[in-house]
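Q: Could you look at this predicted model? Sequence included:
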Amino acid sequence: MGIQDQVEDRALVDLSLIDPIIEKYGKVKGSTITILQGVQETYGFLPSETLTYIAKKTGMKEAKLYGVATFYTQFRMKPVGKNLIMLCQGTACHVNGASAIEKAIVEELGICEGETTSDGIFTFTNVACLGCCSLAPVMMINGETYAKLTPEKTVGVLRELRAEAQSEMEVS
């Protein structure tokens, strides 16, 4: 993303959308995470200018907000694709072939971990554990769990989701 794209993205963020969140929680001690969750729910991620805005409105330090936002994996500083792929890298998944699943995802989508496809359909991320050890290897996409994966099964899921997303875009 070039500088011009970033400037245009910033112009699209309507900061007034988060005023109700700040009004409700801005003076509540220990509400930093709650505020950030509300902002992320509003925009789908945490646009950097929202952290500055929250700091000005609440008196919180911008550095503290940024520290919390980057420490917890639930928060995203960049927009994510329509389908957020979370591939488990826990011990059970690792032992049962998570690296082969990751390779299949990377090859099929043409992106690396932490990236979003150019069409905005997929974002891929590794996670420490999804808590489905008996179903290893596992990935979760938009809250749906895909278990006992093979590279072939993984590619099939991705192709099906891409086809669904593309047909939805054609209808729109």
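A: That came through, no problem.

Q: Which residue ranges make up each domain of this protein?
A: Domains of the chain are assigned by automatic domain parsing as 3-71, 83-171.

Q: Nearest to residue 77, out of these?
A: domain 3-71 (5.6 Å; C-beta to C-beta). Every C-beta, even on glycine, is put in place using the N, C-alpha and C of the backbone.

Q: Run the chain-centre distance for the closest one.
A: For domain 3-71, the separation from the chain centroid amounts to 16 Å (computed by C-alpha atoms, centre = their mean, to the nearest Å).

Q: How about stretch 159-170?
A: Distance of stretch 159-170 from the chain centroid (C-alpha atoms, centre = their mean) equals 19 Å.

Q: same check, this time on stretch 103-111
A: 17 Å.

Q: Kindly report the same for stretch 87-94.
A: 19 Å.

Q: mind listing what residue 91 touches?
A: Neighbouring residues of residue 91 by C-beta atoms under 8 Å, 6 or more residues apart in numbering: residue 133.

Q: ah, wrong one, I meant residue 100
A: Shown in contact with residue 100 (C-beta under 8 Å, 6+ apart): 150, 151.

Q: So which residues of the protein form helices?
A: Assigned by DSSP state H, the helices in the chain fall at 3-11, 19-25, 32-43, 48-58, 62-71, 91-95, 98-109, 151-171.

Q: I'd like those helices written out as TSV, with mean pLDDT added.
A: Putting the helices of the chain into TSV (pLDDT from 0 to 100) gives the following:
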stretch	mean pLDDT
helix 3-11	41
helix 19-25	97
helix 32-43	95
helix 48-58	96
helix 62-71	95
helix 91-95	97
helix 98-109	98
helix 151-171	94
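
Q: wait, which of those helices is closest to residue 117?
A: Residue 117 lies closest, by C-beta to C-beta, to one member of the helices of the chain: helix 98-109, at 5.5 Å.

Q: Quick check: buried residues in that closest one?
A: For helix 98-109, burial by neighbour count (16 or more other C-beta atoms under 10 Å) applies to 98, 101, 102, 104, 105, 108, 109.

Q: Return the angle between stretch directions for it and helix 151-171.
A: Taking axes from the mean of the first three to the mean of the last three C-alpha atoms, to 10 degrees, one finds that helix 98-109 is oriented at 30 degrees with respect to helix 151-171.
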